[in-house]
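Visitor: how would this look folded up:
(one chain, ligands or ions: 3)
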Amino acid sequence: MAVAPGWLAAQACRRVLKRAFSLHKAHSIKDMEYTFQLVKNIIPPLTTKKYKGQAGRIGIVGGCQEYTGAPYFAAISALKVGADLSHVFCTREAAPVIKSYSPELIVHPVLDSPDAVHEVEKWLPRLHALVVGPGLGREDALLKNVEGILEASKARAIPVVIDADGLWLIAQQPTLIQGYRKAVLTPNHVEFLRLSEAVLTDPVDSSDRRGAGLRLSQALGNVTVVQKGEQDVISDGEQVLECNLQGSNRRCGGQGDLLSGFLGVMVQWALHAGPEKTNGFSPPLVAAFGACSLTRQCSHQAFQKYGRSTTTSDMIPEIGPAFSRLFET
Ligand SMILES: NC(=O)C1=CN([C@@H]2O[C@H](COP(=O)(O)OP(=O)(O)OC[C@H]3O[C@@H](n4cnc5c(N)ncnc54)[C@H](OP(=O)(O)O)[C@@H]3O)[C@@H](O)[C@H]2O)[C@@H](O)CC1
Ligand SMILES: Nc1ncnc2c1ncn2[C@@H]1O[C@H](COP(=O)(O)OP(=O)(O)OP(=O)(O)O)[C@@H](O)[C@H]1O
Ligand SMILES: [Mg+2]
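Guide: Ligands and ions are numbered 1, 2, ... in the order given. Below is the predicted model:
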């Protein structure tokens, strides 16, 4: 008997959803299907009517002498999820290294120049979102420049995803993003604790990750917080989404950097689509759910092929197939 491709796709989707809920019984498969539908609603269609740049022009602020992989992962994941152009603003030394990884990235060696804020600001009118922090390092002079870049981005209402050393800066100066609802923070376990210590008066209850995420988001004026971990817990201070989609047991470095690049693209898709497409959820919340599920699905697929030897580079060729499987079925 011939089986229709649509039926096969629906079965594949149900299998993904079953994996998603194997760890967390509080939601039904129906809830998860609904949240995936909201992500599907924000994805811009591929048509012949679009010109280069309309699906996304993203800037990554990061990359220094020690860390060149992290900004590369964020920038390439932005392109592979569907952005048209991906810029990296890094230090002079890091630039040739990052360029050598891929001809597809546009690399600006400006972050340690005395004129860094102005050099990045020139590009802001042409960018839809910034991802701040992957591979940035913690040198005071660089962080000072990033402060200026964040202020300039807020003044232009540009969405910002803040990760890694960008979160280190926010923990020192939470006022930089206080109340900016186009900011999404993506802390790992340690970064989440550091931020919580910086802005909450009472210690967080580590057994209640939903409550902790809500509190941190509220304390920061409802910026969206993506608390990464065995389950990703996402909150805008009003609502909480959890992403339990099965990933893998490999914890190789760089997976969070991929997530931040996906999110840079998806947050601007979601804000562009507007709240009517996200049915009562804030657009950044839906974008974050999309980026978390895609990261975990890429990790799952890569692990099926490479097992213990899986590294973040192995996840990159999985982005297209994982995206289709989650959002195009
Ligand atoms: N290829 C590249 O270029 C990459 C570069 N990267 C860049 O590196 C920079 C620093 O970022 P980072 O994430 O390494 O932060 P950092 O605060 O030094 O923490 C590290 C220490 O925290 C701990 N720890 C972590 N998770 C934990 C957990 N769940 N539960 C408990 N403990 C946990 C653990 O410490 P330990 O086990 O030693 O106590 C770990 O060693 C940043 O710019 C980033 O973008 C990365 O993106 C990777 C790929
Ligand atoms: N224990 C876990 N089980 C399953 N998935 C996990 C686990 N911890 C993290 N993840 C997933 O791995 C991805 C990256 O999260 P992680 O906490 O490793 O970020 P990170 O430390 O910032 O990574 P990076 O090395 O890029 O800086 C996220 O998609 C998250 O859902
Ligand atoms: Mg990280």
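
Visitor: quick one: the residue in the chain that ligand 1 sits nearest to from residue 235, how far?
Guide: Of all residues in the chain, residue 69 sits closest to ligand 1, at 2.6 Å by C-beta to the nearest ligand atom. From N, CA and C alone the C-beta is placed, and that goes for glycine too. Counting by C-beta to C-beta, to the nearest Å, the separation of residue 69 from residue 235 is 29 Å.

Visitor: neighbour count winner among these two?
Guide: residue 235 (28 against 19; other C-beta atoms under 10 Å).

Visitor: what residues does that one make contact with?
Guide: The contact partners of residue 235, by C-beta atoms under 8 Å, 6 or more residues apart in numbering, come to 210, 213-214, 216-217, 224-225, 227, 241, 285.

Visitor: quick one: which of these is nearest to ligand 3?
Guide: Using C-beta to the ion, residue 227 is the member of those that sits closest to ligand 3, with 12.6 Å.

Visitor: just give me the neighbour total for the closest one.
Guide: Neighbourhood size, residue 227 [other C-beta under 10 Å]: 26.

Visitor: now it, what are its backbone angles?
Guide: Backbone geometry at residue 227, expressed as degrees, to the nearest 10, gives phi -90, psi 100.

Visitor: what's across from it in the sheet?
Guide: The partner list for residue 227 in beta bridges (DSSP bridges) reads residue 233.

Visitor: residue 201 should be in a strand, yeah?
Guide: No: looking at residue 201 with DSSP: H, G, I helix; E, B strand; the rest coil, it is coil, so not inside a strand.

Visitor: burial count for it?
Guide: Count around residue 201 with other C-beta under 10 Å applied: 5.

Visitor: ok, it to residue 106 distance?
Guide: 43 Å.

Visitor: repeat for residue 119
Guide: In this view, residue 119 and residue 106 are 13 Å apart by C-beta to C-beta.

Visitor: ok, residue 144 next?
Guide: Remark: distance between residue 144 and residue 106 (C-beta to C-beta) = 24 Å.

Visitor: looking at the two, which is more packed in?
Guide: residue 106 (15 against 12).

Visitor: quick check: closest non-adjacent residue to the more buried one.
Guide: Sequence neighbours aside, residue 87 is the residue nearest to residue 106 in space, at 4.7 Å (criterion: C-beta to C-beta, 6 or more residues apart in numbering).

Visitor: next, that neighbour: phi, psi?
Guide: Main-chain dihedrals, residue 87, degrees, to the nearest 10: phi -110, psi 140.

Visitor: wait, residue 209 sits on residue 226?
Guide: No: using C-beta atoms under 8 Å, residue 209 makes no contact with residue 226, being 11.7 Å away.

Visitor: more neighbours: which of those two?
Guide: residue 226 (31 against 21).

Visitor: helix, strand, or coil at residue 161?
Guide: strand.

Visitor: residue contacts, it?
Guide: Listed by C-beta under 8 Å, 6+ apart, the contact partners of residue 161 are 129-132, 183-186, 260, 263-264, 267.

Visitor: who does it form a beta bridge with?
Guide: When assigned by DSSP bridges, residue 161 has beta-bridge partners residue 131, residue 184.

Visitor: tell me the pLDDT of it.
Guide: The per-residue pLDDT reported for residue 161 equals 99.

Visitor: relative to residue 90, how far out is it?
Guide: Relative to residue 90, and taking C-beta to C-beta, residue 161 is found at 16 Å.

Visitor: now whichever residue of the stretch 51-200 of the chain sits closest to ligand 2. Nearest residue, chain neighbours left out?
Guide: The nearest approach of the stretch 51-200 of the chain to ligand 2 comes at residue 188, 3.4 Å away (C-beta to the nearest ligand atom). Spatial nearest neighbour of residue 188, excluding adjacent residues (C-beta to C-beta, 6+ apart): residue 228 at 5.1 Å.

Visitor: surely the one you found and residue 187 touch.
Guide: Yes: if you go by C-beta under 8 Å, residue 228 and residue 187 touch, sitting 6.9 Å apart.

Visitor: quick one: the residue of the chain closest to ligand 1 and residue 318, what's the gap?
Guide: 17 Å.

Visitor: all helices of the stretch 101-250 of the chain, in order?
Guide: 116-121, 140-155, 164-172, 189-199, 209-219 (DSSP state H, counting those that start in this stretch).

Visitor: packed most tightly, which of the ones you listed would that be?
Guide: With neighbours taken as mean count of other C-beta atoms under 10 Å, the helices of the stretch 101-250 of the chain reach their highest mean count in helix 164-172, at a mean of 22.

Visitor: so what does that one touch, helix or strand wise?
Guide: helix 140-155, helix 189-199, helix 255-273 (3 or more C-beta pairs under 8 Å, 6 or more residues apart in numbering; DSSP states H and E).

Visitor: what's the closest of those to ligand 3?
Guide: For those, the distance to ligand 3 is smallest for helix 255-273, at 3.5 Å, taking C-beta to the ion.

Visitor: what about the closest one, average pLDDT?
Guide: pLDDT averaged over helix 255-273 gives 98.

Visitor: neighbours of the residue of the chain found nearest ligand 2, how many?
Guide: Residue of the chain nearest ligand 2, by C-beta to the nearest ligand atom: residue 256 (2.5 Å). Neighbour count of residue 256, defined by other C-beta under 10 Å: 21.
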